[in-house]
Each structure stands twice: as structure tokens, then as C-alpha cells.
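1. what's the 3D shape of this:
(one chain, ligands or ions: 1)
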Amino acid sequence: MKKIHMVDVVSEYNKYSEQINKRIQNVLSSGVYIQGTEVQKLEQELSVFLNSKYTVTCANGTDALCLALRALDLKQGDEVILPPFTFVSTVEAVCLLGLKPVFVDIDRDSFLLNPALIEKNISDKTKVILPVHLFGQCCNLRQIKLIAKKYNLFIVEDAAQSIGSQCFYKKSSKDMKYSGTIGDIGITSFYPSKNLGCYGDGGAIFTQNQKLAHHIRLLANHGQEKKYVHKIVGFNSRLDALQATILRFKLSLLNTSNNKRQKVATEYNRILKSVDWITTPMESSFSEHVYHQYSIILSSKIDRNKFQKFLLNAGIPSMIYYPIPLHQQKPYKHFSNENLPVSEMLSKHIISLPIHPELEVEQIHFICDVVKKYI
Ligand SMILES: Cc1ncc(COP(=O)(O)O)c(C=O)c1O
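-> Sure thing, here's the model as predicted:
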């Protein structure tokens, strides 16, 4: 059996190295290394794939969040509602722009922002709801959209972990849309371990609004429309051509690789469902799940550190996403004086098992056998 990795980007590269090396070689000989045709084509292909009107690529997912929030022309101190159970970038972007994060707890089953708790956290300073489509599954955007409409709020979707997953976003219809394309602005990250990852840093912003798209494009490139003519204060946040050409190739594999992840999860679920000290991930009725992570909850009688060591001794890596919720982290503590019990509970009992498109059935069975032997 092959060595088990949490994420196996090397096996994926080895499998497609001929095509990828050729693409890299072409970019190297073209002399165009930042933006250019490869980046433009990637933006067009992402727009077609996601059925999104506008796509603007940038340097990474954190920048994408900053650019999205900056484009909304908010005032210092305006409030942004977001979950505390996410990667730090989500709150970082809010704070870097001088906005105030308002943490709202997540739902126990889906691990996603709980729409039932949003309204009581809205004040006259609230301007944005920032749902995070964690671990590969979209938030309940149908309900979040209704709240945003009622209070005239923007929605910025953090789809860094959910590219390619579709969500039922309308009240009484079966219509589905891709994550990142339903709110006013959506963002994603192309960090190497993401479902659509490059070989460095990269990110993208999606919107259906031409004005916002134009504003974001200016912001991401020094505020310039034409070279050396600067209309606004901007950033340097551009995607390079090498990453774009790799992403174009990997985009063509995205549906297949997301399907493979779903198959891995189905097999894990089938075997681990009967283990009474494990809660397997819930698949919600409002979204597809593309399993960026396969995260289980351990019963409180299980010592997670010991369990993790037990797995490691058998050659199985695992990760804790996330060990400390953001409202308990030093730079963000003062924004919340409330307990957020679901996030706090999950951070103590959650653990993620290896999942990636290259994980083989034999490896899944080995992992499950070892897990079951723990008790
Ligand atoms: C939920 C979430 N938001 C934002 C980001 C930021 O992306 P990046 O690492 O590309 O800056 C990440 C990824 O790492 C993420 O998981």
C-alpha cells in the first residue's frame, strides 16, 4: 500500500506531469509571467465553468477577501457578520480593512454559519454577511439571502474551500448555483491543497455586477485602468501566468476530482457510520458537498490527542481544523464577549481524516480498520 498523505499533491502532479510540464515550458518561453493571456483565459474559463459573469484573479484568497470587502466602499467600524469556526483569513481581512467582526455561531450538524442566529446580531452598523462554505459545503444561502434582503446587507461568500459545489439558493425552486456566485461577491483560494489548487499562491473573486468587477480589477492592479494612470489607491495582487496555466489544466479535472472526493467520503461514511463514538459529516439538504475536508466529531469520552497519536503510529496523518475558534484567539478576543458554544465544542472534538482524489480504496479501508481498533 502507498504511504497515506493528508493531501497528495505530488501523486497528482506525477500523474499529469507531462501535460503540466509542457504548459509551464510554454509560459517560460513566452516571457509573459504576470497576468497576460493565460490569466485572461483562466478568468474566462472560470466564468464559464461557474456560470459567473465576472471573474477577477488575484494573488491569494486572503487578498481576494480584502479586495471584495474594499470594493464595497464600507466605512471604518462597519460590522461584518461571520462565523468563528473558519480559517483565520476570513476575520483577518475584516480587521485589516478597519471593519468590525461580529462572530455568529455555527450549526452543530453542518459546521456552517447558523442563519437562525444572524438576525439578533444585526445592528445599524451591520453592512455585510460573510458566510464561509466550510469543508466543501455551502451555507444555507437561501435563508441568508432572505435576511440580507430584509436588512439591506451585502453578502460576500468565502468559497475558498468549496469550489465546484452547488447550492440551492432560491426559496421555492430547484435552481442551483455554484458557491461563490450567489452573493454580491464571492471569493476563492487556489492554495495548493484546495480542491482547485495551484503550485503556489493564487485567488479569485466572482461577481455578477459589472461595476463591482471593474472596481475590484482596478483595486487588484495598483488602481490603474491604463498603465501608469492611477484612478484609486490599489494593491498589487495579481496572479502569475505559471499558476494560471496550471489552474487551467486543473480546472478541466475539477468535476472529476470532486467526484473522487465524494466517493472517498461515501466509503468512509459507509464504514464509520456504525462506530458509536464517531459522528460522520452531515450532508445538508441545501448544498452539495465537495469534501475539501472529511471531518468527524469524536464523542467526549475520546481523548483526541491520544487518538491522533494512535493513528500516526499506524502511519495515518490527521489534522485538527480548527483547534481554537477565532473569537478565542488573541487578536480577535476583544470583539466577542459571548460564548459561542457550538464552535467551542467542535474545536475540542473535531478531527479531519485524509481526503484527496488520489486516496485509494485500500487506503480508506486501512484507515477505517485502524480507527475502529482504537476502542
Ligand atoms: C475559508 C478560507 N478562507 C480564506 C482562505 C485564504 O486563502 P489563501 O491561503 O489563499 O490566502 C482560506 C485558505 O487557506 C480558507 O480556508
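
2. you'd agree K263 is in a strand?
-> No: counting by DSSP: H, G, I helix; E, B strand; the rest coil, K263 is not found in a strand; it is helix.

3. Report how many residues lie close to whichever residue of the stretch 251-375 of the chain sits closest to the ligand.
-> Going by Cβ to the nearest ligand atom, the ligand is nearest to H292 of the stretch 251-375 of the chain, at 8.0 Å. Glycine gets a C-beta too; all of them are placed from N, C-alpha and C. When neighbours are defined as other Cβ atoms under 10 Å, H292 has 27 of them.

4. what's it in contact with, if anything?
-> H292 is in contact with 135-136, 161-162, 194-195, 261, 355, counting by Cβ atoms under 8 Å, 6 or more residues apart in numbering.

5. and if we set it to 7 Å?
-> Contact analysis of H292 by Cβ atoms under 7 Å, 6 or more residues apart in numbering lists 135-136, 161-162, 194-195.

6. Local confidence estimate at it?
-> Model confidence at H292, given as pLDDT, is 98.

7. which one among the contacts of H292 gets closest to the ligand?
-> Nearest member of the contacts of H292 to the ligand, counting by Cβ to the nearest ligand atom, is Q161, at 5.0 Å.

8. Next, work out how far apart the residue nearest to K53 when sequence neighbours are not counted and the ligand are.
-> Using Cβ to Cβ, 6 or more residues apart in numbering and skipping the chain neighbours, the partner closest in space to K53 is Q208 (4.7 Å). Going from Q208 to the ligand by Cβ to the nearest ligand atom, to the nearest Å gives 21 Å.

9. Could you do Q224 as well?
-> Taken as Cβ to the nearest ligand atom, the span from Q224 to the ligand is 23 Å.

10. can you count the residues close to that residue?
-> Counted with other Cβ under 10 Å, residues neighbouring Q224 total 14.

11. And the nearest residue to it once chain neighbours are set aside, its phi and psi?
-> Closest residue to Q224 in three dimensions, ignoring its sequence neighbours and counting by Cβ to Cβ, 6+ apart: H230, at 5.1 Å. The phi and psi torsions at H230 (degrees, to the nearest 10) take the values phi -100, psi 120.

12. my guess is H230 contacts L219, does it?
-> No: judged on Cβ atoms under 7 Å, H230 makes no contact with L219 at a distance of 11.2 Å.

13. How about the single longest helix found in the chain, which residues are buried there?
-> Secondary structure of the chain read by DSSP state H shows that its longest helix is helix 9-30. Using 16 or more other Cβ atoms under 10 Å as the burial criterion, the residues of helix 9-30 that qualify are 11-12, 20, 23-24, 27.

14. What ranges does this protein have for its strands?
-> Remark: strands assigned in the chain by DSSP state E are 54-58, 79-82, 100-103, 126-129, 154-158, 166-168, 176-178, 185-189, 203-207, 224-226, 229-230, 278-279, 294-298, 350-353.

15. Contacts for stretch 200-208, please.
-> Applying Cβ under 7 Å, 6+ apart, the external contacts of stretch 200-208 come out as 46, 50, 52-61, 63-64, 67-68, 180-181, 184-191, 213, 216, 239, 243, 247.

16. coming back round to it: H230 and L219: which has the busier surroundings?
-> L219 (24 against 14).

17. for the more buried one, what are its contacts?
-> Contacts of L219 (Cβ under 7 Å, 6+ apart): 67, 70-71, 232, 234-235.

18. Which of those residues fall within helices?
-> Short answer: the contacts of L219 in helices (DSSP H) are 67, 70-71.

19. re the thing from before, out of the contacts of H292, who has the most neighbours?
-> Of all these, S162 has the most neighbours under the rule other Cβ under 10 Å, reaching 32 neighbours.

20. if we can go back for a sec, name the nearest of the buried residues of helix 9-30 relative to P83.
-> Nearest to P83 among those, counting by Cβ to Cβ, is E12 at 29.9 Å.

21. Can you tell me how far the residue nearest to that closest one when sequence neighbours are not counted is from H5?
-> Nearest residue to E12 in three dimensions, chain neighbours excluded: E358, at 5.9 Å (Cβ to Cβ, 6+ apart). Computed with Cβ to Cβ, to the nearest Å, the distance linking E358 and H5 is 8 Å.

22. how many neighbours does the residue of the chain found nearest the ligand have?
-> Per Cβ to the nearest ligand atom, G61 is where the chain lies closest to the ligand, at 2.3 Å. G61 has 27 neighbouring residues, counting by other Cβ under 10 Å.

23. repeat for the one 4 residues further on
-> Here the neighbour count serves as a burial measure; for L65 (other Cβ under 10 Å) it reads 28.

24. swap in V275?
-> So V275, with other Cβ under 10 Å, has 17 neighbours.
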